[in-house]
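> take a look and give me a structure for this.
(one chain, ligands or ions: 1)
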Amino acid sequence: MQESAQSPVTKYKRVLLKISGEALMGQREFGQDADMVEQIAQDIKTVRDMGIEVCVVVGGGNIFRGISGAAQGMERASADYMGMLATLINALAMQNALERLNVDTRVQSAIPMASVAEPYIRRRAARHMEKGRVVIFGAGTGNPYFTTDTAAALRASEMGCDVLLKGTKVDGVYDADPEKTDNAKRFESLTFMEVLKQDLRVMDHAAISLARENNIPILVFSIYERGAFAKVLQGGGRFTIVQN
Ligand code: UDP
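Numbers count the residues shown, from 1 in each chain. The predicted structure is shown next:
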């Protein structure tokens with residue numbers, strides 16, 4: 001389905017999905033897991049086929065993180081540019097997986113890279129989505145010292161998204177790492193202020209502040225669970241909602 005009429009089963013018309021580089025790794029230690037990339041592409045297609053406009057911000061941590069480069073003595077800004085280029089690699093992989101499922105996509109890069117991606121143009125991205133194309137935003141914000149979480153909050157704000165979905169390895173926000181702590185407490189809902197005050201690891205503070213100012217709720221869910229993206233948008237499944 002190519003048109004983007006509001007779906008009867010969800011209140012959301014336009015959504016942004018943030019996928020971390022880590023999510024694309026699946027069970028691997030580094031890089032991309034082809035099955036995982038395909039599974040996420042399938043989940044995006046399902047949501048697009050529900051008539052919801054979808055844009056995606058991809059991370060790059062599975063390939064390169066600026067902070068690790070800086071820790072090894074690299075100049076932070078250069079290392080961050082390398083990190084942004086890494087997100088482009090993931091964006092192209094995601095685009096390829098989606099197009100193999102016959103989903104029209106466009107990659108827009110915050111760092112101009114004419115041979116492989118369109119430059120980021122807000123109105124053009126909106127137009128693509130209106131036509132049923134999935135827009136994948138690469139290269140983060142285009143600026144060092146930021147993260148792709150902040151890029152996700154920025155693009156969601158610019159594109160007037162109704163909600164930002166953060167796909168993680170776990171099914172919501174916990175007060176401690178549930179993979180390391182047995183009795184970690186899971187939250188059903190939180191306010192942005194609670195996240196900031198308790199320093200909960202949902203997204204970095206810049207991203208949370210931006211989403212808060214622009215009143216864009218964040219749904220945190222497990223991207224590893226097949227079909228969860230669509231389910232969460234319909235109010236089902238397990239997720240934590242962060243809102244004002
Ligand atoms: N990055 C940056 N500016 C941005 C977005 C990302 O400099 O606006 C760099 C930064 O070095 C970061 C890397 O790109 O470590 C990969 O992004 P991120 O760590 O956010 O990816 P994720 O954790 O989502 O996989």
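
> packing partners for the lowest-mean-pLDDT helix or strand in the chain?
Lowest by mean pLDDT, DSSP states H and E among the helices and strands of the chain is helix 66-71, with a mean of 89. If you count contacts as 3 or more CB pairs under 8 Å, 6 or more residues apart in numbering; DSSP states H and E, helix 66-71 packs onto helix 76-100. C-betas here are computed from N, CA, C, even on glycine.

> show me what the helix it packs on is packed against.
Using 3+ CB pairs under 8 Å, 6+ apart, helix 76-100 sits against helix 21-25, helix 34-49, strand 53-58, helix 66-71, strand 105-109, strand 134-138.

> what's the distance between the residue lying closest to residue 119 once chain neighbours are set aside and residue 118?
Spatial nearest neighbour of residue 119, chain neighbours left out: residue 112 (4.7 Å); criterion: CB to CB, 6 or more residues apart in numbering. Distance of residue 112 to residue 118, given as CB to CB, to the nearest Å: 9 Å.

> more neighbours, those two?
residue 118 (17 against 11; other CB atoms under 10 Å).

> now the phi/psi pair for that one, please.
Dihedral angles of residue 118 (phi, psi; degrees, to the nearest 10) stand at phi -70, psi 150.

> give the bridge partners for it, please.
Note on residue 118: beta-bridge partners residue 108, judged by DSSP bridges.

> so the residue sitting furthest away from the middle of the chain: helix, strand or coil?
Among residues of the chain, the one most distant from the C-alpha centroid is residue 73; the distance is 29.1 Å, by CA atoms, centre = their mean. Classification of residue 73 by DSSP: H, G, I helix; E, B strand; the rest coil places it in coil.

> repeat for residue 221
strand.

> not counting its neighbours along the chain, what's nearest it?
Among residues not flanking residue 221 along the chain, residue 239 sits closest, at 4.0 Å (CB to CB, 6+ apart).

> got the contact list for the one you found?
Shown in contact with residue 239 (CB atoms under 8 Å, 6 or more residues apart in numbering): 171, 172, 219, 220, 221, 228, 232.

> okay if I get those residues as TSV plus distance to residue 134, neighbour count and pLDDT?
Listed next are those as TSV, based on distance: CB to CB, whole Å; neighbours: other CB atoms under 10 Å; pLDDT from 0 to 100:
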residue	distance to residue 134	neighbour count	pLDDT
171	24	20	94
172	25	21	96
219	18	23	98
220	21	26	98
221	18	23	97
228	17	20	97
232	17	25	97
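
> near the ligand, which residues of this protein show up?
For the chain, the residues found near the ligand under the criterion CB under 6 Å from any ligand atom are 20-22, 59-61, 65-67, 80, 83-84, 86-87, 140-141, 143-144, 146-149, 151.

> from those residues, which would you call buried?
In the residues of the chain next to the ligand, burial by neighbour count holds for 20-21, 59-61, 65-66, 80, 83-84, 86-87, 140-141, 144, 146-149, 151, counting by 16 or more other CB atoms under 10 Å.

> quick one: residues contacting residue 45.
98, 101, 103.

> now for the second one: which residues touch it?
Applying CB under 8 Å, 6+ apart, one finds that residue 101 lies in contact with 41, 42, 45.

> which one among those gets closest to the ligand?
Ranked by distance to the ligand (CB to the nearest ligand atom), the contacts of residue 101 are led by residue 41 at 17.2 Å.

> mean confidence score for stretch 187-196?
Mean per-residue pLDDT for stretch 187-196: 97.

> list the buried residues of it.
187, 190, 192, 195.

> my guess is the last one contacts residue 202. True?
Right, residue 195. Yes - at 5.2 Å, residue 195 and residue 202 qualify as touching, with contact defined as CB atoms under 8 Å.
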